[in-house]
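Enquirer: Please find the sequence and the predicted model below.
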Amino acid sequence: MYQSRKNTIIYNFFSWYIQLIVKKDFAAFKYDQAEIKSDSSILVLANHFSWWDGFFIFYINKKVFKKQFHVLVNAENYNKVGFLKYLGAFAAENKGKDVLETLNYAGKLLDDPHNLVLIFPQGKLHSNHLKNISFEKGVMQMINASQKKINIIFAATFIDYFAKRKPTAYTYLQNWENEEYVSLQLLKSAYNKHYDQSVVKQTQITE
């Protein structure tokens, strides 16, 4: 398993750099505020359609949640994008038992109320125009490996240009009040309900 690494200098530089490039490459980045329980960790479930997705949530965490950021990525991106490990990225090195170990590690991260863990339940990149977000089974393995004292945040992000040269990114957030018993189907259904409502809000925007 590839774990995240701590280096304050590298972290602070890329923390500043991510905010810089978001402001430079986008006309605006708009997002909701979400009420959370401060004594619980945060699990963010987000759609995955671009290189920017992790950076958007990193940015929101810096501005809103102010937790220790962690994100599950694949081994290719962990090794290809060298600085990710210093921003909280971790990954399974191999398939099989290593994947299980990685998901259990994520669950233990969620036992610390100071942590935020970002997961892309689709597992890979998909179009921003999907009507339904799929969920891999590993999401539940991770939740079940934790003590389940978690703020589960749904994040749905969309990008539109309208009349501007640069796009505007919109992230819709919802703190899901989860049931005592959480299943993969229930989680997927609740997320997609939020996703559908976010699509409606997005299509109502005019500029």
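Expert: In hand now; what should we look at?

Enquirer: Give the buried residues for the longest strand belonging to the chain.
Expert: Longest strand of the chain, by residue count under DSSP state E: strand 150-160. Buried positions in strand 150-160, judged by neighbour count with 16 or more other Cβ atoms under 10 Å: Ile150, Asn151, Ile152, Ile153, Phe154, Ala155, Ala156, Thr157, Phe158, Ile159. (Glycine included, C-beta is placed from N, CA and C.)

Enquirer: swap in stretch 88-104?
Expert: Gly88, Ala89, Phe90, Ala91, Ala92, Val99, Thr102, Leu103, Asn104.

Enquirer: Give me the contact list for that stretch.
Expert: For stretch 88-104, contacts defined as Cβ atoms under 8 Å, 6 or more residues apart in numbering pick out 1-4, 54, 68-75, 77-78, 105-106, 138, 141-142, 145.

Enquirer: Just the CA atoms of stretch 90-101, as CSV, please.
Expert: Taking C-alpha atoms only, stretch 90-101 is exported to CSV below (Å, rounded to 0.1, in the frame of the first residue of the first chain):
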residue,chain,number,x,y,z
PHE,A,90,-2.9,7.2,-0.7
ALA,A,91,-3.4,4.2,-2.9
ALA,A,92,-3.5,0.4,-3.2
GLU,A,93,-0.2,-0.8,-4.6
ASN,A,94,-1.5,-4.1,-5.9
LYS,A,95,-4.9,-5.8,-6.3
GLY,A,96,-6.4,-8.3,-3.9
LYS,A,97,-5.4,-8.1,-0.2
ASP,A,98,-3.6,-4.8,-0.7
VAL,A,99,-6.9,-3.2,-1.8
LEU,A,100,-8.6,-4.5,1.3
GLU,A,101,-5.7,-3.2,3.4
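
Enquirer: picking up where we left off before, what does the average pLDDT come to for the longest strand of the chain?
Expert: Strand 150-160 comes out with an average pLDDT of 96.

Enquirer: So the residue most central in space within the chain: helix, strand or coil?
Expert: Centroid-nearest residue in the chain, with Cα atoms, centre = their mean: Leu118, separated by 3.5 Å. Under DSSP: H, G, I helix; E, B strand; the rest coil, Leu118 falls in the strand class.

Enquirer: what does the one 3 residues further on give?
Expert: At Pro121 the chain is in coil, as set by three-state DSSP.

Enquirer: Could I get the phi/psi values of it?
Expert: phi -60, psi -20 (degrees, to the nearest 10).

Enquirer: Name the nearest residue to it, ignoring sequence neighbours.
Expert: The shortest distance from Pro121 to any non-neighbouring residue, by Cβ to Cβ, 6 or more residues apart in numbering, is to Phe135 (4.3 Å).
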